[in-house]
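Engineer: Quick one, fold the following:
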Amino acid sequence: MVFLNLGAMIILPLEIATILKFVLIVIFTFAATMLNYEFVVRRIRVLRIVFGLKVYSKA
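Structural biologist: Numbers count the residues shown, from 1 in each chain. Next comes the predicted model:
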């Protein structure tokens, strides 16, 4: 939800076609969510537990 709102705040004020705004917001939201998952959720042990991922030991 955070990334959707952020994308909307950035993209909606632009003077472009409505369909292009929609596509850009969808792409922005998807990309930001995937980057967040890859670089935050998977790297922080506590967040792995919260999101139901397996916790691997540091060996």
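
Engineer: Pull the number of nearby residues for Cys14.
Structural biologist: One correction, residue 14 is Leu, not Cys. 10 (other CB atoms under 10 Å). Bear in mind the C-beta positions are built from the backbone N, C-alpha and C, glycine included.

Engineer: Find me the pLDDT at the residue nearest to it when sequence neighbours are not counted, would you?
Structural biologist: Nearest residue to Leu14 in three dimensions, chain neighbours excluded: Lys21, at 6.8 Å (CB to CB, 6 or more residues apart in numbering). Listed pLDDT for Lys21 reads 96.

Engineer: so is Lys21 in a helix, a strand, or just coil?
Structural biologist: Taken by DSSP: H, G, I helix; E, B strand; the rest coil, the conformation at Lys21 corresponds to helix.

Engineer: Contacts only, for it.
Structural biologist: Contact analysis of Lys21 by CB atoms under 8 Å, 6 or more residues apart in numbering lists Ile11, Leu12, Leu14.

Engineer: now Ile10
Structural biologist: So Ile10 contacts Phe28 (CB under 8 Å, 6+ apart).

Engineer: repeat that with 10 Å
Structural biologist: For Ile10, the contact set (CB atoms under 10 Å, 6 or more residues apart in numbering) comprises Leu24, Ile25, Phe28.

Engineer: For Lys54, see how far away it is.
Structural biologist: For Ile10, the distance to Lys54 equals 35 Å [CB to CB, to the nearest Å].

Engineer: how far away is the closest residue to Leu12 other than its chain neighbours from Phe28?
Structural biologist: Nearest residue to Leu12, sequence neighbours excluded (CB to CB, 6+ apart): Lys21, at 6.2 Å. Per CB to CB, Lys21 is found 10 Å from Phe28.

Engineer: CA-only coordinates of stretch 46-59 in CSV, if you can.
Structural biologist: Output of stretch 46-59 as CSV, limited to C-alpha atoms (Å, rounded to 0.1, in the frame of the first residue of the first chain):
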residue,chain,number,x,y,z
VAL,A,46,13.2,-11.0,12.0
LEU,A,47,11.3,-10.0,8.9
ARG,A,48,11.7,-13.5,7.4
ILE,A,49,9.8,-14.9,10.4
VAL,A,50,7.1,-12.3,10.2
PHE,A,51,6.6,-13.0,6.5
GLY,A,52,6.6,-16.8,7.1
LEU,A,53,9.9,-17.6,5.3
LYS,A,54,12.3,-20.3,6.5
VAL,A,55,15.0,-18.9,8.8
TYR,A,56,18.4,-20.3,7.9
SER,A,57,21.3,-20.5,10.4
LYS,A,58,24.5,-18.5,9.6
ALA,A,59,26.9,-21.4,8.8
